[in-house]
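Requesting a structural model of the entry that follows:
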Amino acid sequence: MHFAVCFLGAFLASAMFTQVRGTKTVTSQYGETIVVPCNDGDNKPPELIFTKWKYTTDDGSSGDLLVKQALKDDAKISAPDSYKNRISITPESSLLITQATLSDQRVFTCIVVSSANLYEYPVRVEVRKKPSAPEIKNKASQLENGKLTPLGECVTTDANPPAEIVWLKNNQTLVNDEKTVIISSDVSNDSVTGLFSTKARLQYTAGKEDMTSKFACLVRHVTGPDQVTMPVTFSIYYPTEKVSLQVLSTGPVKEGDNVTLKCQADGNPPPTSFNFHIKGKKVAVAGSDVYTLSGVTRADSGEYKCSLPDNDKMEATKTIAVTYLDLSVSPSGKVLKKVGESLEVKVDKNVSSEPTVIWTKDNSRLEKQPNFTALTYSHAGFYVCEVSVGGIKRSASFQLLVEGTPVITRLTKKRSTDGKNKVLTCEAEGSPQPDVQWSVNGTNGKSTYINGKATYTLTVVPSTNLTVTCQVMNSLGSDSMAISVSSLIDDHSQAKQDLPEDEDKAKLIVGVVVGLLVVAALIGITYWLYMKRRQGTWKTGEKEMGTSEESKKLEENSHRPDV
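Purely as a prediction, here's the structure:
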C-alpha cells in the first residue's frame with residue numbers, strides 16, 4: 001500500500017502543475033504546542049486526494065512527517081523518532097508539534113493534492129523562550145571613592161533569542177564610556193537545550209554622592225515585559241578629609257551644666273576613636289566620638305579641640321563660653337526707716353554678659369531701680385530685684401518699713417443720709433498703725449489703714465452742741481484735733497435762718513401772686529352780689545324809673561361776659 005501511495009504521488013507530481021506559495025512564519029513558546037497552519041485552514045480543494053506534511057532536515061534535505069488521505073480519519077505517520085510521538089494533524093490539516101524545542105525552528109511544508117493540482121504551503125517555525133529573572137552576582141563589598149571598581153555581574157539564563165541586559169543607577173541607564181563606567185556583555189549557548197544565557201559585568205567609579213545611589217539591572221527581551229532586579233546600595237569607602245566638633249547643648253552653657261563634646265569625621269567608614277584636647281590636655285577616647293564635661297564653671301570657658309588618633313593635624317576647634325551671674329542687693333532683709341529719711345539702694349552684679357534686670361514692689365513691676373531721698377509711708381513694701389542672663393536667674397529682696405509719729409491731717413463732720421445722725425471722719429498718717437480715741441461715745445466705729453494712711457469714722461446723735469476730739473497714737477507718739485458739732489435741733493433752726501437769698505425772692509414772688517388772686521376773687525364776688533340784687537328788684541315788679549338810654553345800657557351790660 002505504501003508503495004502504491006508513493007507511486008501515485010510521484011505520478012501526480014509529474015502529471016500535475018505544482019503550485020508553491022510564499023513561506024509564512026509562525027512563532028511559538030518554548031515547551032508549548034506548535035500549531036503550524038496549512039494555507040491558513042483553506043486546504044480542502046475539490047476532489048482532494050490527500051494532505052502531506054514534510055520538513056527541512058538539519059542538512060537541508062526534505063523529510064516526511066505524515067500523510068492523511070481525504071477519505072480516512074487517521075493519518076499515517078512516517079516521521080523520525082524526534083517527531084514520531086510529538087506530531088498530529090487537525091481536521092483543518094494544521095500540524096501540531098508538542099513540547100516545542102529550539103530544534104523545531106525549521107521550515108515545515110504542507111502539500112495538498114487534488115485530482116487537478118498539487119499545492120505546497122511552506123511555513124517557518126520560530127521558538128522563543130522568556131529569559132529567567134535577572135540576578136546580580138559577585139557584588140562588591142564596598143566601592144572606593146574615585147577608583148574604578150568591579151561592582152557586580154548581572155545574569156539571565158535560558159532565553160531565545162539572547163536577552164539584552166541594561167545596568168541602571170537611580171532608574172537611569174548607565175552608559176558605557178570606557179572610563180568611569182565599563183560594561184562588558186557575554187552571551188553563551190547551552191549545548192543541550194540550545195538556550196542562551198547573557199551576563200553583563202559592570203565596573204564603576206564611585207563618588208561620595210553614591211552613598212545613597214541605588215543600582216539595578218534590567219533584562220529586555222522580545223517576549224516582554226522588561227524584568228528588573230531589586231535595587232542594591234553600596235558603601236563607598238573614602239578617607240577622612242574633614243573633622244568637626246559640636247557642643248551638644250539645648251541653649252547657652254551655664255555654670256553647673258554638663259556639656260558634651262561630639263567629634264565627627266566625614267570618612268567612610270567613620271573613625272571610632274578620637275583625641276579630645278581639654279585645656280591643653282589630650283584625652284584619648286576609644287570606641288566613642290563624645291566627651292562630657294561635668295559641672296562646668298566660668299573657669300571652663302575657652303577653646304576646645306578634637307583630632308584623629310593618627311593625625312593631630314586633622315582637627316576641629318570650638319569655643320565654649322560659660323554663662324555666670326552673681327548678685328547682691330543692699331539693703332537686704334527687713335529695713336526700718338523713719339518717714340522723711342533717705343535710703344540708697346545698691347545692686348552689685350558679676351555677670352558674663354549684659355543681663356535683664358526687673359524690679360518689683362509687692363509683685364507690681366517698677367519702671368526703674370528704687371532710690372529714696374525722702375521716705376513716705378507709701379514707700380513701704382516688699383522689693384525684689386530679679387536679674388537673668390543666658391538661662392540663669394538670680395533674685396534679691398528687702399522689706400522696707402517706714403515709721404513715724406501719727407499726725408491728723410483732717411477732721412470732718414456731715415449729716416447721715418437719713419438726717420438722724422452726725423458722721424465724724426478723722427484722717428491721720430503714721431506707722432505703726434495708730435489707734436484712735438474719740439472724746440464722745442458713738443456707734444458704727446470703723447477704720448482703714450493703707451500705706452501709712454488711717455481713716456476713722458464714728459456715728460453720733462448729738463442732743464446738744466458738742467466739741468469732739470479725735471486723738472491718734474502709736475508707740476512713737478500721738479496727735480489730736482477737735483471739732484464743733486451742733487445738736488440736730490439747732491441744725492434745723494439754723495437751716496431756716498440760713499435760707500439763701502434766691503429762695504427768699506422766690507417766696508416773695510409767690511406771696512404777691514397769691515395776693516393778687518385773692519383781690520381779683522373779692523372783686524368778682526362783689527359784682528356778682530350787685531347783679532343779683534338788681535335782678536331781684538325786677539322780678540318783684542318794682543320797676544326802676546329811668547331814661548331809655550339808661551335802660552339800653554343796662555340791657556347791653558347784662559349781656560357782657562364777666563371780667
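
buried set for stretch 120-138?
120-123, 125-132, 134, 136 (16 or more other Cβ atoms under 10 Å). In short, each C-beta sits where N, CA and C put it, glycine included.

Would you work out how far apart the start and end of it are?
Taking Cα to Cα, to the nearest Å, stretch 120-138 runs 54 Å from one end to the other.

Can you pull the phi/psi pair for Lys420?
Main-chain torsions, Lys420, degrees, to the nearest 10: phi -100, psi -10.

and if you look at Asn39?
The phi/psi pair for Asn39 (degrees, to the nearest 10) is phi 50, psi 40.

didn't it look like it was pressed against Cys110?
Yes: in this structure Asn39 lies within contact range of Cys110 using Cβ atoms under 8 Å: 6.7 Å.

still on that earlier bit, adding pLDDT, distance to Ile392 and secondary structure, write the buried residues of stretch 120-138 out as JSON lines.
Listed next are those as JSON lines, based on pLDDT from 0 to 100; distance: Cβ to Cβ, whole Å; DSSP: H, G, I helix; E, B strand; the rest coil:
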{"residue": "Glu120", "pLDDT": "94", "distance to Ile392": "107", "secondary structure": "strand"}
{"residue": "Tyr121", "pLDDT": "95", "distance to Ile392": "102", "secondary structure": "strand"}
{"residue": "Pro122", "pLDDT": "96", "distance to Ile392": "100", "secondary structure": "strand"}
{"residue": "Val123", "pLDDT": "96", "distance to Ile392": "96", "secondary structure": "strand"}
{"residue": "Val125", "pLDDT": "96", "distance to Ile392": "92", "secondary structure": "strand"}
{"residue": "Glu126", "pLDDT": "96", "distance to Ile392": "87", "secondary structure": "strand"}
{"residue": "Val127", "pLDDT": "96", "distance to Ile392": "86", "secondary structure": "strand"}
{"residue": "Arg128", "pLDDT": "96", "distance to Ile392": "81", "secondary structure": "strand"}
{"residue": "Lys129", "pLDDT": "95", "distance to Ile392": "79", "secondary structure": "strand"}
{"residue": "Lys130", "pLDDT": "95", "distance to Ile392": "75", "secondary structure": "coil"}
{"residue": "Pro131", "pLDDT": "96", "distance to Ile392": "72", "secondary structure": "coil"}
{"residue": "Ser132", "pLDDT": "95", "distance to Ile392": "71", "secondary structure": "coil"}
{"residue": "Pro134", "pLDDT": "97", "distance to Ile392": "65", "secondary structure": "coil"}
{"residue": "Ile136", "pLDDT": "97", "distance to Ile392": "60", "secondary structure": "strand"}
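
circling back to that earlier point, shared neighbours of Asn39 and Cys110, anything?
The contact sets of Asn39 and Cys110 overlap at 93, 121 (Cβ atoms under 8 Å, 6 or more residues apart in numbering).

Compare those two (neighbour count), which wins?
Between Asn39 and Cys110, counted using other Cβ atoms under 10 Å, the more crowded position is Cys110 (23 against 19).

what is that one paired to in the beta sheet?
Beta-bridge pairing of Cys110 under DSSP bridges involves Trp53, Tyr121.

Output the buried residues of stretch 120-138 as CSV; include the columns distance to Gly333.
What follows is these, written out as CSV (distance: Cβ to Cβ, whole Å):
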residue, distance to Gly333
Glu120, 128
Tyr121, 124
Pro122, 122
Val123, 118
Val125, 114
Glu126, 109
Val127, 108
Arg128, 103
Lys129, 101
Lys130, 96
Pro131, 94
Ser132, 92
Pro134, 87
Ile136, 82
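
of these, closest to Thr56?
Pro122 (8.7 Å; Cβ to Cβ).
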